[in-house]
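Enquirer: with the sequence up front, the predicted model follows.
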Amino acid sequence: MQILQQWTETSAFFIWLRESPSIWAYPTVFFLHTIGLIFTAGANIVISARLLGAAPALPLAPFARFFRLLWIGVWLTAISGLIMLASDLETTITNRLFPVKMTLVVCAVALMFVLRRRVFGAATPDQTSVPPSARVLAIASLVCWLGAVAAGRFMAYF
């Protein structure tokens, strides 16, 4: 860990990222992180809303397409998040909310796999009914993603 911290503190890229007033430095990485969160949380909200009863006449199967957008968001958020983490490693990993955020992210990603496999993997093309367990998964997924976003946002104040 100490070697990684030393490398990020002395690397020209991370020094530039931390100290540059350029909009292409930290603000751009933060912007990409935000866009990834919008894709991730937005797709999750659409999927979860349908599972919780919104638009009950619409078949479930087409909603599986949102998982592609959700994964794009997850990867964009993960890559930009790792860059931001490395740019201020010591401060970030010692923040009290960082483990909370990371735990919620891991749980949310696990729930994405479960939702995709159990609900959408078994859905017929014209199925509109939602299994009762899907509602529980949808609520848990919403809580995890929104909690992770909130924890990440509040990290700046702790």
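Expert: Right, received. Where do you want to start? Numbers count the residues shown, from 1 in each chain.

Enquirer: which element follows the helix or strand of the chain with the lowest mean pLDDT toward the C-terminus?
Expert: Scoring the helices and strands of the chain by mean pLDDT, DSSP states H and E places helix 2-10 at the bottom, with a mean of 86. Downstream of helix 2-10, the first helix or strand assigned by DSSP states H and E is helix 12-19.

Enquirer: that older thread, mind listing what's buried in the least confident helix or strand of the chain?
Expert: For helix 2-10, the neighbour count (16 or more other C-beta atoms under 10 Å) marks Thr8 as buried. The way it works is simple: take the backbone N, C-alpha and C, and place the C-beta from them, glycine included.

Enquirer: just the CA atoms of that helix, as PDB, please.
Expert: Provided in PDB are the C-alpha atoms of helix 2-10 (Å, rounded to 0.1, in the frame of the first residue of the first chain):
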ATOM      1  CA  GLN A   2       2.800   2.400   0.900                       C
ATOM      2  CA  ILE A   3       4.500   1.800  -2.500                       C
ATOM      3  CA  LEU A   4       1.200   2.600  -4.300                       C
ATOM      4  CA  GLN A   5       0.800   5.700  -2.200                       C
ATOM      5  CA  GLN A   6       4.300   6.800  -2.900                       C
ATOM      6  CA  TRP A   7       3.900   6.200  -6.600                       C
ATOM      7  CA  THR A   8       0.700   8.200  -6.900                       C
ATOM      8  CA  GLU A   9       2.200  11.100  -4.900                       C
ATOM      9  CA  THR A  10       5.200  11.300  -7.100                       C
END
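
Enquirer: nice, that's everything, thank you.
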